[in-house]
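Trainee: Predicted model and sequence follow; I will ask about them next.
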Amino acid sequence: MTQVYFHCSNSREVRIDRSGEAVSDLTEARDRAACIVRSMIMGRDAEDWRDWVVHVNDDLDDEIFVLPFAFVLGKLH
C-alpha cells in the first residue's frame, strides 16, 4: 500500500489533501481520483469545474499523475 494525496486545483485556487489515502496501485489511485471529481461536481455550488485537475502525489509530494476534471465530466455524459 502506498499513501497518495489528491490535490485539486484550477488557475485560481488550490485545495490541498492533507490526509491522503492508502492505495494498492495506480488503477486504484485513478479510480479514487475520479470519485473525488464526481463528489466535487455533485456539490451544490455553481462552480465551473472544466478547468480543474486532480494532482495525485506520493508521500514525498512527487506528482504521480494528473487527472483533468474534464476527462471525468466527459465520461458522465
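Mentor: Yep, that arrived.
Trainee: got the contact list for the longest helix along the chain?
Mentor: Secondary structure of the chain per DSSP state H: the longest helix is helix 26-41. The contact list for helix 26-41 (CB atoms under 8 Å, 6 or more residues apart in numbering) reads 4, 6, 8, 21, 23, 47, 49, 52, 54, 56, 64-65, 67, 69, 72-73, 75-76. For every residue, glycine as well, the C-beta is placed using N, CA and C.
Trainee: just the buried members of these?
Mentor: 4, 6, 8, 21, 23, 49, 52, 54, 56, 64, 67, 69, 72 (16 or more other CB atoms under 10 Å).
Trainee: what pairs with the fourth one across the strands?
Mentor: Applying DSSP bridges to E21 gives these bridge partners: V4.
Trainee: That one against F6, yeah?
Mentor: Yes. Using CB atoms under 8 Å, E21 is in contact with F6, at 7.3 Å.
Trainee: Grab the most central residue of this protein for me.
Mentor: Of all residues in the chain, the one closest to the mean position by CA atoms, centre = their mean is V54, 3.1 Å from it.
Trainee: circling back to that earlier point, quick one: which of the contacts of helix 26-41 sit in strands?
Mentor: 4, 6, 8, 21, 23, 54, 56, 64-65, 67 (DSSP state E).
Trainee: which helices and strands does the lowest-mean-pLDDT helix or strand in the chain pack with?
Mentor: Of all helical and strand segments in the chain, the minimum by mean pLDDT, DSSP states H and E falls on helix 69-76, at a mean of 80. Helix 69-76 makes packing contacts with helix 26-41 when contacts are defined by 3 or more CB pairs under 8 Å, 6 or more residues apart in numbering; DSSP states H and E.
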